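Asks: The sequence and its predicted three-dimensional model are supplied below.
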There are 2 protein chains.
Amino acid sequence: MIDGILLTPLNRINHSKGDVFHAMKSSSEGFSGFGEAYFSMVNAGSIKGWKRHLRATLNLIVISGKIKFVILKADLPNSEILKENLFEIELGPSGNYSRLTVQPGLWVAFKGEGEDENILLNISSQEHDPDEADNIGLASFPYAWSD
Amino acid sequence: MIDGILLTPLNRINHSKGDVFHAMKSSSEGFSGFGEAYFSMVNAGSIKGWKRHLRATLNLIVISGKIKFVILKADLPNSEILKENLFEIELGPSGNYSRLTVQPGLWVAFKGEGEDENILLNISSQEHDPDEADNIGLASFPYAWSD
């Protein structure tokens, strides 16, 4: 695992009227303060990224559908991705229901893998601030997204 | 509006790859500390409640489907619901996308109104603690849930 990434399995509590899914507690490992919570949808087959936060720690939870995350430890320009600098995982409530913590300084991209709604919740340690993150095009890294 | 309830319209930012939905910032009105975030699903036609928190302030956001919330200011036993002690609202991303803040001491119940997934996020000021909330049956109040 790359330094700065933490993967925490989350509980799902079965209930006949509708299940309850844990997300995060203030005592959870990976919690580094509450700045903002927001949802990001990603359409089936669409890819959002790359983004690198400079101060914010992200806590990412997929509550509907399935989303593939790719995390890179890399400088720019980058013509080669070393295996030891790459982390890939698919998350979602029906498969691997886990919280992905990403510390600042790592590049993040994610792809909608479910056919219907793909919804992630990010509990960020910082309020949104466009000056706090770098955004670059998908082609900036030679990562091979499968179809 | 009952004392102790706050309704805050939330922004939805359109994006061709999937929209972003605001939920809460630490600077938002209604934020009273981060204890825990969790999701609760409620099946179409199912009703969860009544529950009354003793210390926790709830911040409820419906990110998928449609959920009807009913909030009551009431003591037990209660044979009559006065209009001035009742608050009813339907929330969801396709209709009224707002955050419902509920201070401790009020009774809360909610019903799944969407045909598919109905998902709420609660950002609670307290970590879950079964001793911190009262749970009573739906029939404890003479509220007429429509079909």
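Replies: Alright, I've got the coordinates. If you're wondering where the values come from, they're calculated on a predicted model, not measured in any experiment.

Asks: Could you use CA atoms for every contact and neighbour count after this?
Replies: Will do.

Asks: Give me the pLDDT value at the most centrally placed residue in chain A.
Replies: Nearest residue to the geometric centre of chain A (C-alpha atoms, centre = their mean): A:Leu60, 4.6 Å. Note for A:Leu60: predicted pLDDT of 98.

Asks: what's the residue of chain A positioned farthest from its centre in contact with, if anything?
Replies: Distance from the centre of chain A peaks at A:Ser16, with 29.7 Å (C-alpha atoms, centre = their mean). With C-alpha atoms under 8 Å, 6 or more residues apart in numbering or on different chains as the criterion, no residue contacts A:Ser16.

Asks: Now do stretch A:122-129: everything it contacts.
Replies: Identification of contacts with stretch A:122-129 by C-alpha under 8 Å, 6+ apart yields A:31-40, A:55-61, B:25-26.

Asks: make that stretch A:36-43, sorry
Replies: Here stretch A:36-43 makes contact (C-alpha under 8 Å, 6+ apart) with A:48, A:67, A:111-112, A:116-128, B:17-26, B:63.

Asks: Just the buried ones among those residues, please.
Replies: A:48, A:67, A:111-112, A:117-127, B:17-26, B:63 (16 or more other C-alpha atoms under 10 Å in any protein chain shown).

Asks: Next step: the residues you listed restricted to strands.
Replies: When DSSP state E is applied, the buried ones among the contacts of stretch A:36-43 are split such that A:48, A:67, A:111-112, A:119-124, B:20-25, B:63 fall in strands.

Asks: can you list the residues of chain A near chain B?
Replies: Residues of chain A that fall close to chain B, judged by C-alpha under 8 Å from any C-alpha of the partner chain: A:17-26, A:34-43, A:46-48, A:63, A:127.

Asks: 7 Å - rerun?
Replies: For chain A, the contact set with chain B under C-alpha under 7 Å from any C-alpha of the partner chain comprises A:17-26, A:34-43, A:46, A:127.

Asks: any weak-confidence spans in chain A?
Replies: Counting by pLDDT under 70, chain A shows low-confidence ranges at A:147.

Asks: Strands along that one, start to end?
Replies: A:5-9, A:12-13, A:20-25, A:36-41, A:47-53, A:58-64, A:67-72, A:86-91, A:98-102, A:107-112, A:119-124, A:133-135.

Asks: And those strands: which comes nearest B:Ser146?
Replies: strand A:20-25 (24.4 Å; C-alpha to C-alpha).

Asks: Does the closest one pack against any helices or strands, and if so which?
Replies: Packing partners of strand A:20-25 (3 or more C-alpha pairs under 7 Å, 6 or more residues apart in numbering or on different chains; DSSP states H and E): strand A:12-13, strand B:36-41.

Asks: what's the first one in contact with?
Replies: Contacts of strand A:12-13 from elsewhere in the structure, counted by C-alpha atoms under 7 Å, 6 or more residues apart in numbering or on different chains, are A:19-22.

Asks: one step back: narrow the contacts of stretch A:122-129 to just the buried residues.
Replies: For those, buried by 16+ other C-alpha under 10 Å: A:31-32, A:34-40, A:56-61, B:25-26.

Asks: burial count for A:Leu106?
Replies: Residues within reach of A:Leu106, counting by other C-alpha atoms under 10 Å in any protein chain shown, total 23.

Asks: That one against A:Arg52, yeah?
Replies: Yes - judged on C-alpha atoms under 7 Å, A:Leu106 makes contact with A:Arg52 at a distance of 5.5 Å.

Asks: now A:Leu10: how far from chain B?
Replies: The gap separating A:Leu10 from chain B is 10 Å, by C-alpha to the nearest C-alpha, to the nearest Å.

Asks: now do A:Ile89
Replies: 20 Å.
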